[in-house]
Every structure is written in structure tokens, then in C-alpha cells.
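Chemist: Turn this into a structure:
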Amino acid sequence: MPLKDRKINGNPGSRTPPAEHAAAAADAASWMQVALGAIGVVVAIVAAVFAYFAWIQPHSSEETGRPPAAANTAAADTAGANTGDAIGDAGSGGPAAAGGERVPLSQLRPVAGAAYIHAGAGNLTMPCASGQSSDRQRTVEYDLLNRYTSLATNLTVSKAPDADSRVQIKIFSDGREVANRTLKRGPQDRLYVPFEGVEKMRIQLICESPESELTLGNPSLVHS
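Modeler: Reported below is the predicted structural model:
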């Protein structure tokens, strides 16, 4: 028994004294407090940065005189005001257009004689009447509604039985004859018809041969 006791108690450094445990615990607690304090400082700085930007963003918009959304709305209103003159009701008088703009006649729907005129590749073609007593001429009428100042087109006899067969085209504005051309097969003939305050335009075609036809090349109206 004495030998065993000496073996166990012979190493005095095998156990840590209670005083050293207390010192180590105190040091750990101190470091923990320092670390927590540093984390708190970082969190406070980040919160201050976020608060600064949250405050400065709306105030910077106020300094420009209006918030961004209001500026975008005002820009859209200005664009609408600038294009307001080009907006209108197309109706039977043709598509909406700005003053001076050319409008293809093919975009207007005839109010009479639509079966006698055919559109294709920007042109309008009118076949001649059969020549029978009840079918001497072809007439097509458009509502202009006082929206146009002139008509321009290139006239061509696009079909005829021979070089001598003639076709005659007349243009009427509100019942008044304003243009009268007689053509044979051959080169184009330029036609320009000015009118002012016209409500209706009528195109009339008279032919010597029912086999002929007249083509209006790229006919266009100038919007008032």
C-alpha cells in the first residue's frame, strides 16, 4: 500500500490547481466580451450605412424637382402632345395622317363602285364596261371628308385590243369635273388634281372597247 500511494502521488503536475482553472475561465470570458463588442460595432456601422442610403435616395429625387416616376409620366405626356396632330379617326375618309403626308388611294374604301376597281402592288386598275346600253361606263366614288388637298397618279392603258382604242377618265370633286384625259396604249400620263374643301371624289371611266383597262399607278392623296 505505501508503494501504490507513492506512485500515484509521485507526479505532482498531473492535476491543475483550481486557481489556474479560474484564471483561464476569466480570460476566455474577457475575449468573448471583446469579440461580441467588435461584432456589435460592425453591425451598428452597417445599419448606419443602410439608413443613410435609405434616406438619401428619396431626397436626391426631390432635388431634381420631381420623382423619377413623375418625370417618366411627363415625358410620355410630352410625346403624346407632339404627335397629337397625327391622331384622328380614319373613318371612311381614309387613315389618319399628318398635314402634307401622302396617303395611298388604295387605303381608302370606295363608298360606291368598289367592284369596279382592283388594288395590287400599290396600283389601282379599272376594267372597262361591257359597252352594252346599260353598262357604258365605270364609276367609283370616295368620301374625302375635306381631308385632302390633291390627287396625283400615273395613268396607263394597261390593256387594249389595239393601239388605237381609246379610254377616257374623268375626275369629279363634289360633282364638278376637275380633270379629263383621253389616252391610248403607250407611255404613262401624269395626272395631278388639286382640290380644296372636297367632300366626295368620283372617278369615271369610258372606253371604246370593253377589252381595255386603265391603271392608276401609285395614286396618292395629300393630307391637308
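Chemist: what's the nearest residue to Q188 once chain neighbours are set aside in contact with, if anything?
Modeler: Counting by C-beta to C-beta, 6 or more residues apart in numbering, N154 is the residue found nearest to Q188 once chain neighbours are left out, at 4.3 Å. Glycine gets a C-beta too; all of them are placed from N, C-alpha and C. Going by C-beta atoms under 8 Å, 6 or more residues apart in numbering, N154 touches Q188, D189, R190, L191, L216, G217, N218.
Chemist: Repeat that for K159.
Modeler: Contacts of K159 were listed using C-beta under 8 Å, 6+ apart, and they are P127, E211, S212, E213.
Chemist: Go through those residues and name the one nearest V140.
Modeler: Checking these against V140 by C-beta to C-beta gives P127 as the nearest, at 11.6 Å.
Chemist: Would you check how far apart the closest one and P110 are?
Modeler: When C-beta to C-beta, to the nearest Å is applied, the distance between P127 and P110 equals 15 Å.
Chemist: so which helix or strand takes in the residue nearest to Q188?
Modeler: strand 148-159 (DSSP states H and E).
Chemist: after that strand comes which helix or strand?
Modeler: As assigned by DSSP H and E, the chain's next helix or strand after strand 148-159 is strand 167-173.
Chemist: In the contacts of N154, find the pair that's most separated.
Modeler: Using C-beta to C-beta, the two most remote members of the contacts of N154 are D189 and N218, lying 13.7 Å apart.
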